[in-house]
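K.L.:
Attaching a predicted model along with its sequence, questions to come.
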Amino acid sequence: LENTSLDQVFRNVRADVLKSSNGNQRPIESSQLTGEEYYLIKNSYKALIKNIDSLIDQKEYTTALEQLSGILMQDENNKSALLRRGRIYSFLGNHESAIVNINLAVKMYPNDPQVYFYRGRYYAAFGHHDKSLLDLNHALTLDSSYTNVYSYKGYVYVTFKQYDKAIFNYNKAIELAPER
């Protein structure tokens, strides 16, 4: 312990707390500490994500990106933050950054159909319809009842002027969720 830095002590404690709390408590980083008080932050970002969604709706992208960066500094694997950051970059026309963020989510959550759905949407928005269909189809292999995927596949097939396939997918979406 004689040659152990304070930073290393915090890393070790942080890892122990995360492990013992099953990821429910996340101590703040040592670089974020000020004053004499050290405390744990509950690993829940629901309220902050809701606020970020509101900022996105209001087109306050810079503020939303700053808040998402704060979440990702504490939890680099936060799927919601990565997807929203990709969404903002898409709105700003920064296609490369949008795909980079979605690819990070795909890498971290390879069995989650939502990440493939989002990447498929962005590929379609950026004119890469073949890649879009690959991701949308993969999302359906992971969850065949994912209604939004069928709806979006319908949209992609319309762009290809493959109306029979578009109608099939729209009808499947309606069959799965008639109330929508």
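P.N.:
Ah, there it is.
K.L.:
use CA for all of it now, contacts and neighbours both
P.N.:
Noted.
K.L.:
residue nearest the centroid of the protein?
P.N.:
When the chain is reduced to its mean C-alpha position, the nearest residue by Cα atoms, centre = their mean turns out to be Leu83, at 2.5 Å.
K.L.:
so what's it up against?
P.N.:
101-102, 105, 115, 118 (Cα atoms under 8 Å, 6 or more residues apart in numbering).
K.L.:
Which positions in the strand or helix carrying it come out as buried?
P.N.:
Leu83 belongs to helix 79-91 when assigned by DSSP states H and E. Of the residues in helix 79-91, those with enough neighbours to count as buried (16 or more other Cα atoms under 10 Å) are 79-90.
K.L.:
May I ask which two of those are separated the most?
P.N.:
Lys79 and Ser90 (16.4 Å; Cα to Cα).
K.L.:
How far away from the center of its chain is stretch 93-106?
P.N.:
Remark: stretch 93-106 is offset 10 Å from the chain centroid, using Cα atoms, centre = their mean, to the nearest Å.
K.L.:
quick check: mean pLDDT across it?
P.N.:
Over the span of stretch 93-106, the pLDDT mean works out to 94.
K.L.:
got the contact list for that stretch?
P.N.:
By Cα under 8 Å, 6+ apart, stretch 93-106 touches 77, 79, 82-83, 85-90, 112, 115-116, 118-119, 122, 126.
K.L.:
So which bits of it are buried?
P.N.:
95, 97-106.
K.L.:
In strands, which of the residues you listed fall?
P.N.:
Cross-referencing those against strands under DSSP state E gives no overlap.
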